[in-house]
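Visitor: Okay, here's the prediction I keep looking at, along with the sequence it came from:
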Amino acid sequence: MRYVFPALILTAFCSIVFASSGCSTPTRPDGEKGLLEPGKRAPSFTAEDHRGETIRFPLDQPSVVFFYPKDGTPGCTKEACAFRDAFERYDEAGIRLIGVSADSLESHRQFADEHGLQYSLISDAEGEIARAFGVGRTFGMHQRRSFLIDESGIVRKNYPDVDPGVHSGEILKDAAELGLIR
């Protein structure tokens, strides 16, 4: 009996933490729920990347916006390095890569330097960019989701289930099939 009360308190605490962690599907600024669907216009935003470059989105070229939970974690490092390894192919195809997480720009600088990342990393600490794309958060971190966007700013494909190790190749294949490679 003396263990029942602490167990109930722990269960209640964990339930409150989980419920407040933001793991539900966010409502986008357009009033819809869920990931931005293909055919929809990508949201506009202006943000500074980890190198101090101002990114005004959407761009006038095809782009990939990929959301990831946290710099330096195993899955995120695997995904970031896969995009790094495919960077030259993306660059030759005329497709811009933009990684987004809730980490600070300083964290992004260290992560990019440590792994030789050549593309832009944007800090979205408040989750405004993620919300605009319909990307949820779990325990304050963005869920791993990606978007392939054409030069007109239209989402051509979203990726709700990402395998970090092969995802960069999957997007390049889809970009070719959709005629987005120059």
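Guide: Here it is on my side, so go on. Just so we're clear, the structure is a prediction, and the values are computed from it rather than from any experiment.
Visitor: distance of the residue nearest to residue 117 when sequence neighbours are not counted from residue 69?
Guide: Of all residues not flanking residue 117 in the chain, residue 84 sits nearest, at 5.2 Å (CB to CB, 6 or more residues apart in numbering). From N, CA and C alone the C-beta is placed, and that goes for glycine too. Using CB to CB, to the nearest Å, we find residue 84 at a distance of 18 Å from residue 69.
Visitor: same check, this time on residue 47
Guide: With CB to CB as the criterion, residue 47 and residue 69 are 18 Å apart.
Visitor: Isn't the residue nearest to residue 117 up against residue 115?
Guide: Yes. With contact defined as CB atoms under 8 Å, residue 84 reaches residue 115; the gap is 6.4 Å.
Visitor: Quick one: neighbours of the residue nearest to residue 50 when sequence neighbours are not counted, just the number.
Guide: Nearest non-adjacent residue to residue 50, counting by CB to CB, 6+ apart: residue 108, 3.7 Å away. Residue 108 has 22 neighbours, counted by other CB atoms under 10 Å.
Visitor: For residue 108, pull up the helix or strand it's in.
Guide: Secondary-structure element containing residue 108, defined by DSSP states H and E: helix 105-115.
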